[in-house]
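*Asks:* For reference, the sequence and a predicted model appear below.
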Amino acid sequence: MPSREISTESAAAEDRDPIFVVIERHRELSAHHDAAASVSAKLEDVADFFAADEISGQRNLALSEHANVLIRSKPTTIAGAIALTRYVAGLPEWELPDDDAWHQVFLEGLADAIDEIGTAQRLGRSGG
């Protein structure tokens with residue numbers, strides 16, 4: 001039953017690695033933004049549209065700010081590193097930071113995190 005062991009290990013990694021909370025928060029902010037944008041797109045009354053568009057803009061700002069948190073966050077387990085890499089790889093461009101060098105920050109942080117996880121494992125501590 002190796003697949004059961006892997007899923008148990010993944011669930012345990014989620015409990016230990018705060019990156020899963022960061023990813024989930026990004027998903028929530030993205031959903032909130034999408035909901036606000038879909039409401040404003042359906043409005044015909046100018047006043048209602050501008051009010052809804054203001055909310056959409058605020059949610060977009062929150063999403064943008066969290067995108068910067070996302071790319072600077074370091075996973076603490078291998079499962080977290082894999083989850084973060086896959087999540088960021090699947091994001092549409094508009095959900096990523098505006099900074100053209102975001103990928104460099106992300107990859108450097110990810111490499112540092114993997115190095116730290118490997119060091120922890122070599123020292124006999126659990127790291128995913």
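*Replies:* Here it is on my side, so go on.
*Asks:* Which strands or helices does the helix or strand containing Val105 pack on?
*Replies:* Secondary structure assigned from DSSP states H and E places Val105 in helix 102-122. Secondary-structure packing of helix 102-122 (3 or more Cβ pairs under 8 Å, 6 or more residues apart in numbering; DSSP states H and E): helix 46-72, helix 78-89. Using the backbone N, CA and C atoms, a C-beta is placed for each residue, glycine as well.
*Asks:* most packed of those?
*Replies:* Most buried of the helices and strands packed on helix 102-122 by mean neighbour count (mean count of other Cβ atoms under 10 Å) is helix 78-89; its value is a mean of 18.
*Asks:* got the CA positions of that helix in CSV?
*Replies:* Output of helix 78-89 as CSV, limited to C-alpha atoms (Å, rounded to 0.1, in the frame of the first residue of the first chain):
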residue,chain,number,x,y,z
ILE,A,78,9.5,18.6,-0.1
ALA,A,79,5.7,18.2,-0.5
GLY,A,80,5.3,21.9,0.1
ALA,A,81,8.0,22.7,-2.5
ILE,A,82,6.3,20.5,-5.0
ALA,A,83,2.9,22.0,-4.3
LEU,A,84,4.2,25.6,-4.5
THR,A,85,6.0,24.9,-7.8
ARG,A,86,3.0,23.3,-9.4
TYR,A,87,0.6,26.0,-8.1
VAL,A,88,2.7,28.9,-9.3
ALA,A,89,3.3,27.2,-12.7
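*Asks:* Give me the average confidence score over it.
*Replies:* Per-residue pLDDT values over helix 78-89 give a mean of 97.
*Asks:* packing partners for that helix?
*Replies:* Helix 78-89 packs on helix 2-16, helix 19-42, helix 46-72, helix 102-122, going by 3+ Cβ pairs under 8 Å, 6+ apart.
*Asks:* tell me which residues of the second one are tucked away?
*Replies:* For helix 19-42, the neighbour count (16 or more other Cβ atoms under 10 Å) marks 19-20, 22-23, 26, 29-30, 32-33, 36-37, 39-40 as buried.
*Asks:* any chance of those residues in a markdown table, plus distance to Ala62 and pLDDT?
*Replies:* Formatted as a markdown table, those follow (distance: Cβ to Cβ, whole Å; pLDDT from 0 to 100):
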| residue | distance to Ala62 | pLDDT |
| --- | --- | --- |
| Ile19 | 19 | 97 |
| Phe20 | 19 | 97 |
| Val22 | 14 | 97 |
| Ile23 | 16 | 97 |
| His26 | 10 | 97 |
| Leu29 | 5 | 96 |
| Ser30 | 10 | 95 |
| His32 | 8 | 92 |
| His33 | 8 | 91 |
| Ala36 | 10 | 83 |
| Ala37 | 13 | 83 |
| Val39 | 16 | 79 |
| Ser40 | 16 | 74 |
